[in-house]
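Asker: Take a look and give me a structure for this.
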Amino acid sequence: MTRLLVLVVLALASGPALAQPAAPQKQLAQDHFAKGNIAYDLGRFDEAIGEFTKAYEVWPQPAFLYNIAQAHRLAGRCKDALYFYKRFRALRERDEANPLRPEKREEIDRFITELTECAARTDAMAARPPDTIEKPAPLSPAQTRPPARPAVAIVDPAESAEPDELDDEADESIETSTDAPRHVISARVGLGIAILHAGDADAVQPRLALAGAYPLRAADFTIELGGALSFTPVPYEAAGANERATLLAPRVFAAASHPIARKLSVRGELALGAVAMFGLVAGNPLTRDQLAGWFVMPSARVSVAAEYELTPQLFATVSPLGLAYSVGADGMLADSLRELDLSIGVAYRR
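Answerer: You can find the predicted model right below:
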């Protein structure tokens, strides 16, 4: 099995071609890279080329082109390997902040020279008319042994190092884990307004929501499974006095976010749980006997939001639409409690 050789790319110090994508896009590219790396080690070069190609489509790092060239060369495709080595060299030579070191350029130039000759031989053989055939001579024992596979390397663009370290590390083969960092927690806080409607009673009140979740990767989506708690004050009048109840809504939720542009994602959420209302005094307008101090209702909520990446861990969120429906409890005048909300907030993933 071929040992991996890690060529470290200083993405943040590079030009536009090496700009950091949104975290979900970078994670997706790393997932494709990991799959391609496994296929490469197993000698399944076509599969490795497919995964490296998908990684480049999501995150156009020149290192992926180098990996594609390496796989094509080992698969014996001279013209394809030649093309991708040339593209890799051209892109790196444009990168003034992180150019190829002389040793690495010499290696690429040597590959290009060898592959140019190989492509010429292939073209000459293809043009040769098949007018004769010859019986092959018996092979010697040495010829029957498979040729030793040259030690070649593929490149992980997610690693980071100083530019002076890039090609120093390319001089020796080391075994390296290519697993990208995984998010292990997601926390959110949102503040907005809620429009409450229960029978003939309506109210517009501030709303605070807190949430925590465990994020997972699924294709180019980020899935979050977790729990949330929202707090909304509910003012009402009883016996000529202004009173205030409290609406607490604990729910579990599943959410999915998908990148639609650099640093921008859309998010949808479905939550199930309960709504509890506390602080109802005698004479309140919400219950039949007007004596209930609190009650609990089953509840469901759906929402959509947009997320903008401020840093790799911090996101600004805007939720223009959240809809919640709670089935009225026994003793309530209304058969349901409906809530329309909008909010802004921040999300943190680590």
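Asker: all contacts plus neighbour counts: C-alpha atoms, from now on.
Answerer: Will do.
Asker: how close does L333 sit to P235?
Answerer: 17 Å (CA to CA, to the nearest Å).
Asker: and if you look at Q205?
Answerer: In this view, Q205 and P235 are 8 Å apart by CA to CA.
Asker: show me where pLDDT drops low in the stretch 101-250 of the chain?
Answerer: Within the stretch 101-250 of the chain, the ranges that satisfy pLDDT under 70 run 127-184, 219.
Asker: ranges for the helices of it?
Answerer: In the stretch 101-250 of the chain, the segments counted as helices under DSSP state H, counting those that start in this stretch are 102-127, 141-144.
Asker: Nearest to N37 among the ones you listed would be which one?
Answerer: Smallest distance to N37 across the helices of the stretch 101-250 of the chain (CA to CA): 20.5 Å, for helix 102-127.
Asker: Does the closest one pack against any helices or strands, and if so which?
Answerer: helix 78-94 (3 or more CA pairs under 8 Å, 6 or more residues apart in numbering; DSSP states H and E).
Asker: in the helix it packs on, what's buried?
Answerer: 78-89, 91-92 (16 or more other CA atoms under 10 Å).
Asker: could the residues you listed go into JSON lines alongside pLDDT?
Answerer: As requested, these are exported to JSON lines (pLDDT from 0 to 100):
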{"residue": "C78", "pLDDT": "91"}
{"residue": "K79", "pLDDT": "90"}
{"residue": "D80", "pLDDT": "93"}
{"residue": "A81", "pLDDT": "92"}
{"residue": "L82", "pLDDT": "91"}
{"residue": "Y83", "pLDDT": "94"}
{"residue": "F84", "pLDDT": "94"}
{"residue": "Y85", "pLDDT": "91"}
{"residue": "K86", "pLDDT": "91"}
{"residue": "R87", "pLDDT": "91"}
{"residue": "F88", "pLDDT": "90"}
{"residue": "R89", "pLDDT": "89"}
{"residue": "L91", "pLDDT": "88"}
{"residue": "R92", "pLDDT": "87"}
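Asker: centre of the chain versus the lengthiest strand in the chain, how much separation?
Answerer: Of all segments of type strand in the chain, defined using DSSP state E, the longest is strand 241-261. Using CA atoms, centre = their mean, to the nearest Å, the mean C-alpha position of strand 241-261 is found 24 Å from that of the whole chain.
Asker: what lines up beside it in the sheet?
Answerer: Its sheet considered, strand 241-261 pairs with strand 221-238 (antiparallel), strand 264-278 (antiparallel) by DSSP bridges.
Asker: How about residues contacting it?
Answerer: 22, 24-25, 220-237, 265-280 (CA atoms under 8 Å, 6 or more residues apart in numbering).
Asker: Stretch 202-221 now?
Answerer: 24-25, 28, 183-197, 222-235, 256-259, 341.
Asker: Narrow the residues you listed to just the buried residues.
Answerer: 24-25, 28, 186-197, 222-235, 256-259, 341.
Asker: which one is P320 nearest to, not counting chain neighbours?
Answerer: L342 (4.8 Å; CA to CA, 6 or more residues apart in numbering).
Asker: Any idea what the one you found is bridged to?
Answerer: I193.
Asker: For A187, which non-adjacent residue is spatially closest?
Answerer: For A187, the closest residue by CA to CA, 6+ apart turns out to be G212, at 4.5 Å.
Asker: nope, A198 is what I was after
Answerer: The nearest residue in space to A198 (CA to CA, 6+ apart) is L337, at 4.7 Å.
Asker: so who does the one you found touch?
Answerer: L337 makes contact with 196-199, 325-328, according to CA under 8 Å, 6+ apart.
Asker: Next one: the residue nearest to V302 when sequence neighbours are not counted from P62, what distance?
Answerer: Leaving out its chain neighbours, the residue that sits closest to V302 by CA to CA, 6+ apart is L270, at 4.7 Å. L270 is 39 Å from P62, where distance means CA to CA.
Asker: Same check on R251?
Answerer: For R251, the distance to P62 equals 45 Å [CA to CA].
Asker: ditto for A249
Answerer: Taken as CA to CA, the span from A249 to P62 is 49 Å.
Asker: do P215 as well
Answerer: P215 is 29 Å from P62, by CA to CA.
Asker: my read: the residue nearest to V302 touches A305, true?
Answerer: No - using CA atoms under 8 Å, L270 makes no contact with A305, being 11.9 Å away.
Asker: does N284 count as helix, strand or coil?
Answerer: coil (DSSP: H, G, I helix; E, B strand; the rest coil).
Asker: What is the neighbour count of it?
Answerer: 21 (other CA atoms under 10 Å).
Asker: same deal with the one 3 residues further on?
Answerer: Under the neighbour criterion other CA under 10 Å, T287 is assigned a count of 21.
Asker: Setting aside sequence neighbours, what's the nearest residue to it?
Answerer: M332 (4.2 Å).
Asker: Just list the residues touching that neighbour, thanks.
Answerer: Applying CA under 8 Å, 6+ apart, we find M332 in contact with 286-288.
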